[in-house]
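In: Give me a model of this one.
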Amino acid sequence: MLPLVWGSWSAYECIQKYKLAIEKDPEYAPSYLNWGFSLANLNRLNEAIEKYKLAIEKNPKYAVAYLKWGLALIQLNSPKKAMQKFVKAKQLDPNLEDSEIREIISILGWDS
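Out: Numbers count the residues shown, from 1 in each chain. This next block holds a predicted model:
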């Protein structure tokens, strides 16, 4: 699998950028979220989850971090744990994109 590229940067280069950003501001939750997203795109899911957890540690109300954590759990074949993260994300942000969560639920057959 080829790494995803953002603009002219590969996922590997993005990870380096997020590391530098965290050195400058270790409390900035989106840097951890984006680092996790980059790791997930490299199929390094357990490492991605660790970054999502750090994002949540920095901002406990970070709904998108819970959503991304849930998506990683789906890929790791942990649907029950994933659903817990999706529910938490929706509790934190009722305006979170319902279509994304509904699509996941449909794919897993939880809507039948």
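
In: At which residues are the helices of the chain located?
Out: Counting by DSSP state H, one finds helices in the chain at the ranges 11-24, 29-41, 45-58, 63-75, 79-92, 98-108.

In: which one is the residue most central in space within the chain nearest to, not counting chain neighbours?
Out: A centroid search over the chain (C-alpha atoms, centre = their mean) returns Lys68, at 2.5 Å, as the residue closest to the centre. Of all residues beyond its chain neighbours, the one nearest Lys68 is Tyr52 (5.4 Å), with distances taken as C-beta to C-beta, 6 or more residues apart in numbering. Just so you know, the C-beta spots here come from the backbone N, C-alpha and C atoms, and that holds for glycine as well.

In: Skipping its backbone neighbours, what lies nearest Leu67 in space?
Out: Ala89 (4.3 Å).

In: check contacts around that neighbour.
Out: Shown here is Ala89, whose contacts under the criterion C-beta atoms under 8 Å, 6 or more residues apart in numbering are Ala63, Val64, Tyr66, Leu67, Gly70, Leu96, Ile101.

In: close enough to count as contact, the third one and Lys88?
Out: Put plainly, it is Tyr66. Yes - under the criterion of C-beta atoms under 8 Å, Tyr66 makes contact with Lys88 at 4.7 Å.

In: Next, count neighbours for the nearest residue to Gln75 once chain neighbours are set aside.
Out: Leaving aside its sequence neighbours, Gln75 sits nearest to Leu45 (C-beta to C-beta, 6+ apart; 5.5 Å). The tally of other residues near Leu45 (other C-beta atoms under 10 Å) stands at 17.

In: same check, this time on Ser38
Out: The number of residues packed around Ser38, counting by other C-beta under 10 Å, is 26.
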